[in-house]
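>>> Give me a 3D structure for the following:
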Amino acid sequence: MTHWRPTENRYGSLSIGLHWVMLLLLAAVYACIELRGNFPKGSGLREGLKTWHFMLGLSVLVLVSVRVAARFLGTVPRIQPAAPKWQSVVAKLMHLALYGLMISMPILGWLILSADGRPVPFFGTQLPPLIGESVAIAEWAEEIHEAGGTVGYALVGLHAAAALFHHYVVRDNTLRRMLPGRG
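Numbers count the residues shown, from 1 in each chain. Sure, this is the predicted structure:
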């Protein structure tokens, strides 16, 4: 039987599904922006990858909203054996940083497009601009967005490394709580 809500020992299928879909979505967002550099400026493929980067990035914002709601409606399964207090604090800070990234990066992207006076595409529709055109704000937001992208690589990498460390070295249930199909 599939459990949508988390239990004392494992996350529910909603949280698990959202976690892994978010990983794929973030990988796609990064892939689109990294791959665009392989194509000439103004080419259809380059512009298409940028558009997909925008739309997938905004999808991150939508799904992270669902994740935050699911997190507050459920419980966090226990780590067994219990982690030392310092690890729990670091884990909470890491999760806050990841959520901050998943919320702020799409908003910054939306702000950049708005300040540049460009359309904000979202799967067949256009979102309204957040602000009017402003070169200064567009440049400022783009600098922060690019720096955030670099920070994102590090955060996701550290998050994955910590999960693997807990699984293979500490041998607790940190990773198993989030793996699909392991009821």
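>>> All the strands of this structure, residue numbers only.
Using DSSP state E, the strands of the chain run over residues 120-122, 125-127.
>>> Let me know which of those is tucked in deepest.
Most buried of the strands of the chain by mean neighbour count (mean count of other C-beta atoms under 10 Å) is strand 120-122; its value is a mean of 17. Placement of C-beta: from N, CA and C, glycine included.
>>> Quick one: residues in contact with that one.
Applying C-beta atoms under 8 Å, 6 or more residues apart in numbering, the contact partners of strand 120-122 are 51, 54-55, 58, 110, 113-114, 126-129.
>>> Let me see the mean pLDDT of that strand.
Averaged over strand 120-122, pLDDT sits at 97.
>>> Note down every partner strand of that strand and its orientation.
Sheet pairing for strand 120-122, assigned by DSSP bridges, gives strand 125-127 (antiparallel).
>>> returning to that earlier point: could you list which of the contacts of strand 120-122 belong to helices?
51, 54-55, 58, 110, 113-114 (DSSP state H).
>>> Could you identify the buried members of those residues?
Among these, the ones that count as buried by 16 or more other C-beta atoms under 10 Å are 54-55, 58, 110, 113-114.
>>> Next one: the residue nearest in space to the middle of the chain from Glu143, what distance?
Residue closest to the mean C-alpha point of the chain, counted by C-alpha atoms, centre = their mean, is Met102 at 4.1 Å. To Glu143, Met102 is 19 Å away according to C-beta to C-beta, to the nearest Å.
>>> Ok, Val156 next?
The gap separating Val156 from Glu143 is 21 Å, by C-beta to C-beta.
>>> higher neighbour count, those two?
Using other C-beta atoms under 10 Å as the criterion, Val156 and Glu143 rank with Val156 on top: 16 against 12.
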